[in-house]
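S.K.: Give me the fold of what follows.
(chains A and B)
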There are 2 protein chains.
Amino acid sequence: MIMVYDINEKRVNKVLKIGRKYLNWMQNSVLEGEITRAKLIKLKGELKSIIEKEEDSVILYKLRTKKYFAKETMGVEKGLEEQII
Amino acid sequence: MIMVYDINEKRVNKVLKIGRKYLNWMQNSVLEGEITRAKLIKLKGELKSIIEKEEDSVILYKLRTKKYFAKETMGVEKGLEEQII
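M.R.: Okay, the predicted model is just below:
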C-alpha cells in the first residue's frame, strides 16, 4: 500500500505518527508498506479520528499484488536514509 | 502511474509544472495518470534536468494494469476540486 497525505500543519505530525505505526516513511508525505486488511481498518479508523474532512486529504493506493508494479526513485532515497540512521 | 516528489522549494514549482504536462495533480506533491513509455522517458529526462540528486527526491510508481489496484480518498478530493475550477 502507498499512503500520501496533504494535511494542515496543525495535524500533520499526528497523521505521520499514525502512518508510521503501520507503514514505512518514504519521503515527505509518503508512506508505503504491506498491510493486512485488519490493520488497514485500524489505520483508517485512526486517521478518521484526526483529519478534518473539509481541509485534509489522505489517498490510499492499494495493490493486491506487486506483480504488475514497479518503483523507481530519482534523486535521494529518503526512506533508505532513515533506515540507516 | 503515480508520481510523488519531495523537492527543495527553489525547484518545486518547476517540478510540478513538468509533472502536470504528463499527469494530473492530485494533492500536494502527488500526481497520477496514464502515460506511454515514450512520454515517461521524456518526463524522466525533464525531471533529471531540474532536480538536485543530493537533495531532491521523486518516486515513480508504475502499474502495468489497474486490475489489482484500488484507490481510496479520505477527506477532501483535491484533484477533483481543481478539475471543477
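
S.K.: only C-alpha atoms for contact and neighbour calcs from this point on.
M.R.: Fine.

S.K.: quick one: low-confidence parts of chain A?
M.R.: In the predicted model, chain A carries pLDDT under 70 at residues A:80-85.

S.K.: Just the strands from it, written as ranges.
M.R.: A:2-6, A:24-27, A:30-32, A:57-63, A:69-75 (DSSP state E).

S.K.: would a markdown table of these with distance to chain B be doable?
M.R.: Below are the strands of chain A laid out as a markdown table (distance: least, C-alpha to the nearest C-alpha, whole Å):
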| stretch | distance to chain B |
| --- | --- |
| strand A:2-6 | 6 |
| strand A:24-27 | 6 |
| strand A:30-32 | 8 |
| strand A:57-63 | 4 |
| strand A:69-75 | 4 |
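
S.K.: Tabulate those strands in TSV, adding columns for mean neighbour count.
M.R.: Below are the strands of chain A laid out as TSV (neighbours: other C-alpha atoms under 10 Å in any protein chain shown):
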stretch	mean neighbour count
strand A:2-6	23
strand A:24-27	22
strand A:30-32	22
strand A:57-63	20
strand A:69-75	15
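
S.K.: I'd like a version of the ones you listed in JSON lines, one that adds distance to B:Leu40 as further columns.
M.R.: Putting the strands of chain A into JSON lines (distance: least, C-alpha to C-alpha, whole Å) gives the following:
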{"stretch": "strand A:2-6", "distance to B:Leu40": "21"}
{"stretch": "strand A:24-27", "distance to B:Leu40": "21"}
{"stretch": "strand A:30-32", "distance to B:Leu40": "21"}
{"stretch": "strand A:57-63", "distance to B:Leu40": "20"}
{"stretch": "strand A:69-75", "distance to B:Leu40": "12"}
